[in-house]
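> The following comprises the amino acid sequence and a computationally predicted model.
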Amino acid sequence: MWTKVRFWTLAPSRLLMGLLFAAPLCIVAAYSLLTRGAYGGQSPPWTFESYARLLDPLYAAILFRSLWIAALSTALCLLLGFPLALFISRSAKRKNLYLQLVMLPFWTSFLVRTYAWMFLLRDTGLINTILQSLGLIREPLPLLYNEWAVVVGLVYGYLPFMVLPLFATLERIDPNLLEAAADLGARDTDTLFRIIVPLAMPGIVAGCVLVFIPCLGAYLTPDLLGGGKSMMAGNLVQNQFTNARDWPFGSAASLTLMAMVMLALAWLARRQKGDLL
Amino acid sequence: MDAVLELRGVSKQFHGHRAVDDVSLAVPRGSLFALVGPSGCGKTTVLRMIAGFEIPTTGQVLLSGADVAGLPPYQRNVSTVFQNYALFPHLTARQNIEFGLRRRKASDLDRRVRDVLDLVQLAGKEHRKPAQLSGGEKQRVALARSLVLEPDLLLLDEPLAALDPKLRRQVRVELKSIQRRVGVTFLMVTHDQEEAMSMADSIAVMNKGRLEQIGPPREIYSRPATRFVAGFLGEVSWLNGFGLRPESIILSADGRPATVRSAVYLGNCLRLELQLESGETLLAETNPGARHTAGDQVNVTWRPEDELHVD
Amino acid sequence: MSRALALTAAAVLAFLHLPLAVLTVFSFNASRFTVWEGFSFKWYAALAQDTRLIEGAWNSLLIAAAATIFATAAGTLCAYGLWKRRAPLLTGTLYLSLVTPEIVTGVSLLAFYQFLFRYLDIRLGMHTVILAHVTFSVAFVVVVVLARLRTMDATLEEAAMDLGATEWGAFFRVTLPALLPAVAASALLVFTLSFDDYVITSLVAGVDSETLPMVIYAMARRGVNPAVNAISALIVVGLGFFILAAERLREP
């Protein structure tokens, strides 16, 4: 009875996802195995050379840096997000207001939020201007165009992704458990690390993956806040497709980036056994 | 007999599991027919096949003589009152009731809606949304929504299950009186044998996908065809080859000797667990005024016609 | 609740909100530099003169509106179909599109379009951007709408058909009305995602389809310019207002 309805409800998305998402990925997969032509473009012979080039120290360093920056940003998000989520989960009346405050920046443009940090961190930016006018420093500090600026931008951008799943699990913890722990003689820190953190583990894992994945594939943040020395995998891909016009190599980098994302997800799936989203 | 519904050898398989196994029955026009059985016995699947939500694997579903087994729900003149009522939450009571009439482009919509609102005594509450109605009122909207379409057959899935237990007895009487007044055939599914016996003209008992027995309440209670039917409709103590209901046991001086194992006072009766000399146990319900306690010696008897003989 | 926790939470909330607040304040600065010299609307006045910016904003609105309509319609239908019965391949593809880095989605679409253009006489432009935006936002709609469907009572549709509605009738008269809040929420999400996107757009846009984020990006790259603060503040306030209005609509 549902066959007809089902066909027509799924047809638009099947067409769209097949033609404009799956097929393009397949094309990139094919390109990654081809050779770059003399004027750009790509042609046979089929080869794994593009993948081999990713092992070159220059490029391997970029991939490794992506992992490092994403991991560091995720850890900082957890460090900042956990107290905030805990606070919100325990505030009785203003829960919704606080949650909306966390979500509000998420609704405004990511580009604008990244630009805000350029405005704050650059040599003539607000932080340096204030520090100079207070006489604390004479020369502006090199705050922008380094790895730390990228990390700050990523933490700022993806903190809501950490807070929301954390809040969801923390809110479900029965307050009686905390009272029971105190009753049995646990101090606040004992309760935090022996009761709250273990019970919040699903939220911690989900939040970490939700932050780690976009950080790993970040392009705009390192592009605007990082210098040439803090390039990430996303910038490598973009660079190969636009400036260097080496599409086979850019394609290989794309697929490698995808593979890293899938590994992170596979780890989550093993831990959570079930719904990913 | 003029049967509004007839099932002929209907079976339904889900993933290799036989939920309904070769069920045949006929529902007389104008009657209140109850399909009872424990949960998971297949009675709801039978109902869903009649409504058109499931298609039988084999067999025929005849409505007024025509086979409808393959037709979608909206092409069958049957209507369902769902267990949770399934009232559309975004529509008022009146809009819920009008829903089916509008799909059929009925001409005398206002009159029919007014009549049915009077019938179920909901006049004055027709502009409320389901969330603003009580459980009993929701049920009456669901009933009105189906009855207004004048179906050949009204299906009721556990019609009293979602109601407050105190309300149930009252609603049983109301439902039955509405059925008598409108003359529409009701087929209700329930797991509650007391509900079925107090309301239905005929009862069909199902177990593990199969039909065990069909008949009027008195007949299946006093002459059950199988041990399952006997046990499902009331308590039975099985002695050597026959069964006895607790209320059939008579304490009398010239009966068989028995020992009282336990005695529980229930207000309307005294419930005794007895052990006969043969070692068999027997449940008896007696006059609440009697004062037996565990360890007492009594003598019991019963009328031969109260013995339940099954296959 | 301990004081330290409250203070930490307040500090983190400040970290989330101060940068945009400061940016907005300085969009009213009379000086070109990051030193406060007095209140002025001059950077906003400058925006009104900037034809490239206005054209970009207009393009962004058109693209976001079109992408919202198509993605919301396709995604809602898709969620409905998936609610009825599983479709593992499609579901997998949708989830994959959610986790694929934007830059990868962008370059693969670019490669795909270039491949197509060898055989078809079309160019990059508004249509390629709209198609790209619809593609990357469908999965968001599916996730939001499906979550709402999962909380819904499946017997409502059976009741509708029992009362004479066809399959489509049951969908439009019973299920869709109950879904409207989720559909509106997902439309809002698509609109902001589309309006905001720079990474994918910059790769598949043609010469006539420069969007607002592309203009802002170019201005930001060129260096200090309070006009960027002004347009940023407008976007923050504009989108914020849009979201609040939508929240109001959802809670009658």
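Structure's in. What do you need?
> Just list the residues touching the residue nearest to residue C:26 when sequence neighbours are not counted, thanks.
In space, residue C:26 comes closest to residue C:229 once its chain neighbours are excluded; the distance is 5.4 Å by Cβ to Cβ, 6 or more residues apart in numbering or on different chains. Quick note: C-beta positions are derived from backbone N, CA and C, even for glycine. The contact partners of residue C:229, by Cβ atoms under 8 Å, 6 or more residues apart in numbering or on different chains, come to A:119, C:23, C:24, C:26, C:27, C:29, C:43.
> Show only the entries of those residues found in helices.
Taking DSSP state H as the definition of helices, these contribute A:119, C:23, C:24, C:26, C:43.
> In contact with the closest residue to the third one other than its chain neighbours, which residues?
The shortest distance from residue C:24 to any residue other than its chain neighbours is 4.2 Å, reached at residue C:233 (Cβ to Cβ, 6+ apart). Counting by Cβ under 8 Å, 6+ apart, residue C:233 makes contact with C:23, C:24, C:27.
> and the gap between residue C:233 and residue A:112?
As for residue C:233, its distance to residue A:112 is 9 Å (criterion: Cβ to Cβ, to the nearest Å).
> Find residues that contact each of the two.
residue C:23.
> same for the helix or strand in which residue B:252 is found, what does it pack against?
According to DSSP states H and E, residue B:252 maps onto strand B:250-265. With contacts defined as 3 or more Cβ pairs under 8 Å, 6 or more residues apart in numbering or on different chains; DSSP states H and E, the packing partners of strand B:250-265 are strand B:270-276, strand B:281-286, strand B:297-301.
> could I get those as TSV with mean neighbour count?
Formatted as TSV, the helices and strands packed on strand B:250-265 follow (neighbours: other Cβ atoms under 10 Å in any protein chain shown):
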stretch	mean neighbour count
strand B:270-276	19
strand B:281-286	19
strand B:297-301	15
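> Could you export the ones you listed as TSV, including mean pLDDT and distance to residue A:134?
Formatted as TSV, those follow (pLDDT from 0 to 100; distance: least, Cβ to Cβ, whole Å):
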stretch	mean pLDDT	distance to residue A:134
strand B:270-276	91	91
strand B:281-286	90	93
strand B:297-301	90	103
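> now those as TSV including distance to chain C?
Formatted as TSV, the helices and strands packed on strand B:250-265 follow (distance: least, Cβ to the nearest Cβ, whole Å):
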stretch	distance to chain C
strand B:270-276	40
strand B:281-286	40
strand B:297-301	50
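> about what we covered before: the strand holding residue B:252: which residues count as buried?
B:251, B:258, B:260, B:263 (16 or more other Cβ atoms under 10 Å in any protein chain shown).
> Then stretch B:61-69?
Those would be B:61, B:62, B:63, B:68, B:69, for stretch B:61-69 by 16+ other Cβ under 10 Å.
> Give me the subset of the residues you listed lying in strands.
B:61, B:62, B:63 (DSSP state E).
> which one of the residues you listed is nearest chain C?
Nearest to chain C among those is residue B:63, at 13.8 Å by Cβ to the nearest Cβ.
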